[in-house]
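Trainee: next come a sequence and a model predicted from it.
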Amino acid sequence: MSFLRKSVKKKYNVDFGLLIFRLMVGGLMLTHGYGKFMKVIEGNMGFADPIGIGPEASLVLTAFAEFVCALLIMFGLLTRLASIPLIIAMAVAAFITHGSDSIGEKEMALLYLASFILLFYKGGGRYSLDRMFFK
């Protein structure tokens, strides 16, 4: 019986860790996305076009990923789905925008990429709105 209690306790620890991880990664990503989101709101559509879809589309998609999806990740709502645009955005940042740069220049994008891949596979955990709404 004590083994069962230990495994349940361990599960809660993992889920609490996921909560902290989601809040930290999502909150830090918000600092990148807020400025881009405000540019979209203000209609200032000047932005890079790393994959050739136009600067306006690049800005809107990046702002959506880095702001809206980061908020969803923090709340643990549609966590796996919300991580997909962030994975794409960080892959573009790491391998295209900073593709020829040193590892030091692209390490933040790579760390975020790894973080969102983890959340894609693991989900939001027990302490998330996903769990509350979708079990």
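Mentor: Arrived safely. Just so you know, these numbers come straight off a predicted model, no measurement behind them. Numbering: from 1, shown residues only.
Trainee: residue ranges in this protein under the pLDDT threshold?
Mentor: 1-9 (pLDDT under 70).
Trainee: any chance you could map the helices in it?
Mentor: Counting by DSSP state H, the chain forms helices over residues 2-42, 55-63, 70-75, 79-92, 103-122, 129-134, given from the N-terminal end onward.
Trainee: run through who's touching the last one.
Mentor: Under the criterion Cβ atoms under 8 Å, 6 or more residues apart in numbering, residues F75, G76, L77, L78, T79, G123, G124, G125 lie in contact with helix 129-134. Just so you know, the C-beta spots here come from the backbone N, C-alpha and C atoms, and that holds for glycine as well.
Trainee: now flag whichever of those residues is closest to Y12.
Mentor: For Y12, the nearest member of the contacts of helix 129-134 is G125. The distance, counting by Cβ to Cβ, is 9.7 Å.
Trainee: the nearest residue to L19 once chain neighbours are set aside: neighbouring residues, count only.
Mentor: Nearest-residue entry for L19: Y127, 4.2 Å, with adjacent residues in sequence omitted and distances by Cβ to Cβ, 6 or more residues apart in numbering. Burial of Y127 is recorded as 18 neighbouring residues (other Cβ atoms under 10 Å).
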